[in-house]
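*Asks:* can't give you the sequence, but here's the structure:
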């Protein structure tokens, strides 16, 4: 009788252990659910769950390329890189990352080099080095619009963003 009871307990323990190990937790879902073409520059949608912390980043413009020339900010690509680099540093200083950005609004001024049209290619060329990379695969949703002018005559780019992450 003792042998049957011991065998039954051992079998029950083995089954319980097997059941527990078979019920491993599923991989956690990303905080923000994004959709869009895998080869696209931006996400089509970003679903932020209830309870997420939201951070609003005010519109930012480029820093001068050379501090000795405070009115020279460079072309659209140079200004975009300056802005996104500052944005990344600001986010990281608060414990956030570029991957937390869910929405961006980009304002571009037309340039003589592009026949008065916005230099979307110059902006996107830099944008793709900050988003959708192996190191940082997240892509925000984004609106990009051409505007007549920004705060200074040589300012060609202004970017504002919204970020979200788990509390």
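*Replies:* That came through fine. This is a predicted model, so every value here is computed, not measured.
*Asks:* next, count neighbours for residue 60.
*Replies:* As a burial measure, residue 60 scores 17 neighbours (other CB atoms under 10 Å). Every C-beta, even on glycine, is put in place using the N, C-alpha and C of the backbone.
*Asks:* that one reaches residue 157, doesn't it?
*Replies:* No - Residue 60 is not in contact with residue 157 according to CB atoms under 8 Å; the separation is 9.1 Å.
*Asks:* find the residues that touch each one of the two.
*Replies:* Common neighbours of residue 60 and residue 157, using CB atoms under 8 Å, 6 or more residues apart in numbering, are residue 83.
*Asks:* tell me the helix or strand right after the lowest-mean-pLDDT helix or strand in the chain.
*Replies:* In the chain, no helix or strand scores lower on mean pLDDT, DSSP states H and E than helix 2-22, which sits at a mean of 48. Per DSSP states H and E, the first helix or strand lying C-terminal to helix 2-22 is strand 33-35.
*Asks:* so what does the next helix or strand after that next one touch, helix or strand wise?
*Replies:* Remark: after strand 33-35, the chain's next helix or strand is strand 45-47, criterion DSSP H and E. With contacts defined as 3 or more CB pairs under 8 Å, 6 or more residues apart in numbering; DSSP states H and E, the packing partners of strand 45-47 are strand 33-35.
*Asks:* so for the strand it packs on, mean pLDDT?
*Replies:* Average pLDDT, strand 33-35: 92.
*Asks:* note down every partner strand of that strand and its orientation.
*Replies:* Sheet pairing for strand 33-35, assigned by DSSP bridges, gives strand 45-47 (antiparallel).
*Asks:* what is the mean pLDDT for the strand it pairs with?
*Replies:* For strand 45-47, mean pLDDT rounds to 95.
*Asks:* same thing with stretch 126-143?
*Replies:* Mean predicted lDDT for stretch 126-143 stands at 97.
*Asks:* next, the buried residues of it.
*Replies:* Using 16 or more other CB atoms under 10 Å as the test for burial, stretch 126-143 gives 126-127, 130-132, 138-142.
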